[in-house]
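Asks: Sequence plus the predicted model coming up.
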Amino acid sequence: MTHHTTNGSDNGELAEPKSLTHHFSDAANNIVPSPLKALYKYTGDPTKISLASGLPPAEYFPFSSVQATVHDPNKFSEDLARVGEDFSFRVPLNSKDAGLDIPLELSLQYSASQGLPPLVDFLTEHTRMVHTPPYKNWDVVCTLGNTHAWDSVLTLFCNPGDTILVEKYCYPPPFVSANGKGYNVVPVFLDMDGIVPEKLEILLANWQQSQGKFPRLLYTICTGQNPTGSSLSEERRRAIYQICQKYDLLIIEDEPYYFLQMDPYEKEVEKRSQHCSLQSYEHFLNSLIPSFLKMDVDGRVLRMDSLSKVIAPGVRVGWIVGQKVFLEKVIRLNEYVIQAPNGFSQSLLYGLFSRWGQTGYLDWLINLRKEYTIRRDFAIDMIEKYIDKEYASWDAPVAGMFFHIEIDASKHPKYEELGKDALAIEKLIFDRSLENGTVIVPGSWFQVDKSMTSEKIFFRGTYAAVALKNLEQGMKQFAEALRAEFSDN
Ligand SMILES: Cc1ncc(COP(=O)(O)O)c(C=O)c1O
């Protein structure tokens, strides 16, 4: 079994990250290593007899092996039907037969809170290939996905009452959980290219005490934003990074959709064949918008990566990347909160990754990108075909699973009668669409500051969760609901 090493230390030209430990919360400052966990390093040491920890013997585990059948990363076809050979592997109980696997006697035992070393090493190498963090001593710690990672970040970097910035429209769990725990959540303006740097600068430069404490961190879903579908351009990322340097904010990038990046939507079907014509891994990696992590010379970024959207949500495995001093605290918190990620997941994921290899995993991601491009193209074609531009507008997303359709509520015949209440119009459309058989999410459900009103409303839809033949029907029904609402009778 390989052992995990610290990263970036092999390259003498890189600088140490900035010391940013003043951002630690009281909880982070007070957390101490679990003394019992510290004894695990002696597990498997032939020179020691351990009478220390409550580890059940592996021969009492009822699982003697676990078998998985998985896809070849290249066996995708463009019409969404997977073809070709699946292959199987068997994860054994014992190390001596393990080969490409993390044996069950290790993964099903209490184990490293950072994640099992071979899996952490694989994810570290992947991170190095994709993001190449530009400082010494960055690290990777496994999580149970980004929901869990965000909870850890909040605990370690904010005291209740501290202010965090989030995009004005946001996938609800991050801001609802932060609100519930007593953090001060303040929205930041965004458009289809993500957060607008100038508006962020204005917000910070004119910060008033009445808005709460000066912000400590910026939380952003920067690629394929949920719910708007927007993606932050490289230029804006660089500008935002500089603003966060100037005002000493940490950046938390929540990136489950990072690899679902696509070429821009092409209206003419004949020209689409050039889509996704990636010639090499290098070409693929270079085609990705650089992450905040990639430009993070200070070590002020915590990147939250998840396998939920590219492998499966139920594996409940993700990872955080950041400067080692920060991540040591994440490991400490893991010790007390989760012990370690699920052992079956770690063994099965490592078994998959060790057989695919780094390039096989990239093949898988490249193929997913093609699949989502087809879905995105189809969804936008259907919007163009059915939705009336008189009261609705949209942009084609370049990443992720979501599109949004903006509606001008002021054009609704009952707008005046309803006291110019755009949310009442949103509700009418939602109910009518539901009646017609299409569920689509009202934009206000994602609104961080519920007191802000506008005559523009929007609905979030996805092309991920639906077969293409149903997507057309779903869009047609939504379009009919809109037409009925916006007609005069
Ligand atoms: C922006 C964002 N963050 C986090 C999550 C949840 O991620 P995970 O399954 O890794 O907890 C989602 C899921 O939809 C999401 O859209």
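Replies: Received, thanks.

Asks: per-residue pLDDT, the closest residue to the ligand within the stretch 1-150 of the chain?
Replies: Per C-beta to the nearest ligand atom, residue 145 is where the stretch 1-150 of the chain lies closest to the ligand, at 2.8 Å. Glycine gets a C-beta too; all of them are placed from N, C-alpha and C. Per-residue confidence (pLDDT) for residue 145: 98.

Asks: Beyond the helix or strand harbouring residue 139, next helix or strand please.
Replies: With secondary structure defined by DSSP states H and E, residue 139 is part of strand 138-143. Using DSSP H and E, the helix or strand that follows strand 138-143 in sequence is helix 146-157.

Asks: what's the distance between that next one and the middle of its chain?
Replies: 13 Å (C-alpha atoms, centre = their mean, to the nearest Å).

Asks: ok, now how distant is residue 173 from the ligand?
Replies: Separation of residue 173 from the ligand (C-beta to the nearest ligand atom, to the nearest Å) stands at 7 Å.

Asks: Test my guess that the residue of the stretch 1-150 of the chain closest to the ligand contacts residue 318.
Replies: Yes - under the criterion of C-beta atoms under 8 Å, residue 145 makes contact with residue 318 at 4.3 Å.

Asks: Near the ligand, which residues of the stretch 201-350 of the chain? Just list them.
Replies: Selection of the stretch 201-350 of the chain residues close to the ligand by C-beta under 6 Å from any ligand atom yields 221, 226, 254, 256, 306, 308, 313, 318.

Asks: Can you say which of those are buried?
Replies: 221, 226, 254, 256, 306, 308, 318 (16 or more other C-beta atoms under 10 Å).

Asks: And the residues you listed, which is closest to residue 487?
Replies: The nearest member of those to residue 487, counting by C-beta to C-beta, is residue 226 at 32.0 Å.

Asks: Let me see the contact set for the closest one.
Replies: 170-171, 257, 400-402, 446, 460 (C-beta atoms under 8 Å, 6 or more residues apart in numbering).

Asks: ok, 7 Å please
Replies: Residue 226 is in contact with 171, 400, 402, counting by C-beta atoms under 7 Å, 6 or more residues apart in numbering.

Asks: filter the residues you listed to the buried ones?
Replies: 171, 400, 402.

Asks: what are the phi and psi values for the second one?
Replies: The main-chain torsion angles of residue 400 are listed as degrees, to the nearest 10 and equal phi 90, psi -160.

Asks: hang on, it packs against residue 260?
Replies: Yes - between residue 400 and residue 260 there is a contact under C-beta atoms under 7 Å: 5.3 Å.

Asks: What's the local residue count around the residue of the stretch 1-150 of the chain closest to the ligand?
Replies: 22 (other C-beta atoms under 10 Å).

Asks: Strands along the stretch 51-200 of the chain, start to end?
Replies: Remark: strands assigned in the stretch 51-200 of the chain by DSSP state E, counting those that start in this stretch are 65-71, 86-92, 138-143, 163-167, 184-188, 190-191, 194-195.

Asks: export those strands to JSON lines and tack on mean neighbour count?
Replies: Below are these laid out as JSON lines (neighbours: other C-beta atoms under 10 Å):
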{"stretch": "strand 65-71", "mean neighbour count": "14"}
{"stretch": "strand 86-92", "mean neighbour count": "14"}
{"stretch": "strand 138-143", "mean neighbour count": "27"}
{"stretch": "strand 163-167", "mean neighbour count": "24"}
{"stretch": "strand 184-188", "mean neighbour count": "19"}
{"stretch": "strand 190-191", "mean neighbour count": "18"}
{"stretch": "strand 194-195", "mean neighbour count": "24"}
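
Asks: Can I get the ones you listed in JSON lines including distance to the ligand?
Replies: Listed next are those as JSON lines, based on distance: least, C-beta to the nearest ligand atom, whole Å:
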{"stretch": "strand 65-71", "distance to the ligand": "20"}
{"stretch": "strand 86-92", "distance to the ligand": "23"}
{"stretch": "strand 138-143", "distance to the ligand": "8"}
{"stretch": "strand 163-167", "distance to the ligand": "10"}
{"stretch": "strand 184-188", "distance to the ligand": "15"}
{"stretch": "strand 190-191", "distance to the ligand": "13"}
{"stretch": "strand 194-195", "distance to the ligand": "13"}
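
Asks: joint contacts of residue 145 and residue 318?
Replies: Counting by C-beta under 7 Å, 6+ apart, the common neighbours of residue 145 and residue 318 are residue 306.

Asks: follow-up on the earlier one: cross-check the contacts of residue 226 against the ligand and keep the overlap.
Replies: Filtering the contacts of residue 226 for neighbours of the ligand using C-beta under 6 Å from any ligand atom leaves residue 171.

Asks: of the contacts of residue 226, closest to the ligand?
Replies: residue 171 (4.3 Å).

Asks: you'd agree residue 361 is up against residue 353?
Replies: Yes - taking contacts as C-beta under 7 Å, residue 361 lies within contact range of residue 353: 6.1 Å.

Asks: Pull up the overlap in contacts between the two.
Replies: Counting by C-beta under 7 Å, 6+ apart, no residue touches both residue 361 and residue 353.
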